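> sharing a sequence plus its predicted fold:
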Amino acid sequence: MPLYVAVSFVFLAIFCLVFGVVKLLIGDQLVLKDRLQQMEVQMTKKNKLGYNEELEADFTTRIIKPISDKTSGLIQKYTPVRQIGFIEQKLDYAGRPNNWSANQYLLTQYLTTLAAAILAFVIAWVSGAGPVNRILALLVGLIGGYLMFELWMTSRISARRKAIEKALPDVLDLLTISIEAGLGFDAAMQRVVQKSSGPISEEFNQTLQEMRIGKTRREALSDMSFRTGVPNLSRFVASLIQADQLGISLGNVLRNQSDQMRILRRQRVQEEAQKAPIKMLFPTMVFILPTMFIVLLAPAIVQLAQFL
């Protein structure tokens, strides 16, 4: 073998040995450094993307929502737990308007009250009222704004309960037909959700979702009864729970409940019809009778005045 070939093999062996030792000693560090650099580049891109998304968000998301969240946290800190629970129940009765929590409800109520007070004060100030009248206008605005918000919530609760009461007999009929056709109770409730609309459909849908995530049928139905606060729906839920416990056929229970609900609805309509004359009495005395007296007696009064 020539000398230069042997020397070349020796140098190649030394190079491989040195490369292997260096790779063994610092190879993991180089790989780790490379991965850290890649992660840093990715984090930089994500930060830039998040920053751009934040800049492109609307004014409400960037400014109003953080302020609202902080203010809601302060309200929760200084509001009694019992009052928070009472407001949560009211929001459930109203169907969670705007997906409000109790803190957001209180914040909206306080802002509405403050806006009404400021508006009343500005109107009094522009009209040239004195300091005492301005203060009175401010107080009236505070009380009026608070009561108007409560009245709005009460009317929303009442309208939702009436909608549930009105739709309940038809929903029970659909449940009865579905169960007698061979569907299970959960599938019958799903059919009601698909075929109907309104508050009762929303409640049935929420009940189905709760049962899918692990709640028992009894717990989910009881929660639905508690959320709505409708007496007829509560009786219906109690009958279902009792039938489930005793093993009674749901079809018979639903048919009896449907007949009973229709009787109750007919009685309620008759009761409202009997109240109508009493409700018409006040408008008749205040608006219609004075106008009739003016039309009938005005000519006679004019002639009598001319004669005298």
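Great, that's in hand.

> drop to CA atoms for contacts and neighbour counts, all remaining ones
Will do.

> ok, for S101, nearest residue in space, not its chain neighbours?
Distances taken as CA to CA, 6 or more residues apart in numbering put E88 closest to S101, at 7.0 Å, once the chain neighbours are dropped.

> ditto for F226
S234 is the one closest to F226 (CA to CA, 6+ apart), at 7.8 Å.

> quick one: contacts for Y110?
Applying CA atoms under 8 Å, 6 or more residues apart in numbering, we find Y110 in contact with Y146.

> what's the following helix or strand after the helix or strand harbouring it?
Per DSSP states H and E: Y110 is located in helix 102-126. Downstream of helix 102-126, the next assigned helix or strand under DSSP H and E is helix 131-180.

> please name every helix or strand in contact with the helix or strand that comes right after that next one.
Proceeding N to C from helix 131-180, the next assigned helix or strand is helix 185-195, under DSSP H and E. Counting contacts by 3 or more CA pairs under 8 Å, 6 or more residues apart in numbering; DSSP states H and E, helix 185-195 packs against helix 131-180, helix 199-212.

> turn those helices into CSV, including mean neighbour count.
CSV is the format used below for those (neighbours: other CA atoms under 10 Å):
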stretch, mean neighbour count
helix 131-180, 17
helix 199-212, 18
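
> turn those helices into JSON lines, including distance to F226 and mean pLDDT.
Converted to JSON lines, these look like this (distance: least, CA to CA, whole Å; pLDDT from 0 to 100):
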{"stretch": "helix 131-180", "distance to F226": "12", "mean pLDDT": "89"}
{"stretch": "helix 199-212", "distance to F226": "11", "mean pLDDT": "90"}
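
> let me know which of the ones you listed is the nearest to P97.
helix 131-180 (9.1 Å; CA to CA).

> hmm, back to that, relative to L254, which of the helices and strands packed on helix 185-195 is closest?
Nearest of these (CA to CA): helix 131-180, 5.7 Å.

> any idea how far that closest one is from the middle of the chain?
13 Å (CA atoms, centre = their mean, to the nearest Å).

> offset the numbering so it begins at 15, please.
Done: numbering now begins at 15, and the last item shifts to helix 145-194.

> pull out the buried residues from the helix holding Y124.
116-124, 126-128, 130-135, 138-139 (16 or more other CA atoms under 10 Å).

> tell me the angle of that helix relative to helix 145-194?
Helix 116-140 and helix 145-194 are oriented at 150 degrees to each other (axes from the mean of the first three to the mean of the last three CA atoms, to 10 degrees).

> quick one: mean pLDDT for helix 116-140?
In this model, helix 116-140 carries a mean pLDDT of 87.

> over to stretch 92-112?
Stretch 92-112 comes out at a mean pLDDT of 85.

> please enumerate the helices of the stretch 215-322 of the chain.
With DSSP state H, counting those that start in this stretch, the ranges of helices along the stretch 215-322 of the chain come out as 231-242, 245-260, 264-297, 303-321.

> now the angle from the last one to helix 264-297?
Helix 303-321 and helix 264-297 are oriented at 10 degrees to each other (the same axes, to 10 degrees).

> around R232, count how many other residues there are.
Neighbourhood size, R232 [other CA atoms under 10 Å]: 17.

> tell me the most buried of the helices of the stretch 215-322 of the chain?
helix 231-242 (a mean of 19; mean count of other CA atoms under 10 Å).

> ok now that helix, how far from the chain's centre?
The chain centroid and the centroid of helix 231-242 are separated by 17 Å under CA atoms, centre = their mean.

> for it, packing partners?
Against helix 231-242 (3+ CA pairs under 8 Å, 6+ apart) you get helix 95-107, helix 213-226, helix 245-260.

> again, only this time at 6 Å
Using 3 or more CA pairs under 6 Å, 6 or more residues apart in numbering; DSSP states H and E, the elements in contact with helix 231-242 are helix 95-107.

> fine by me, thanks again.
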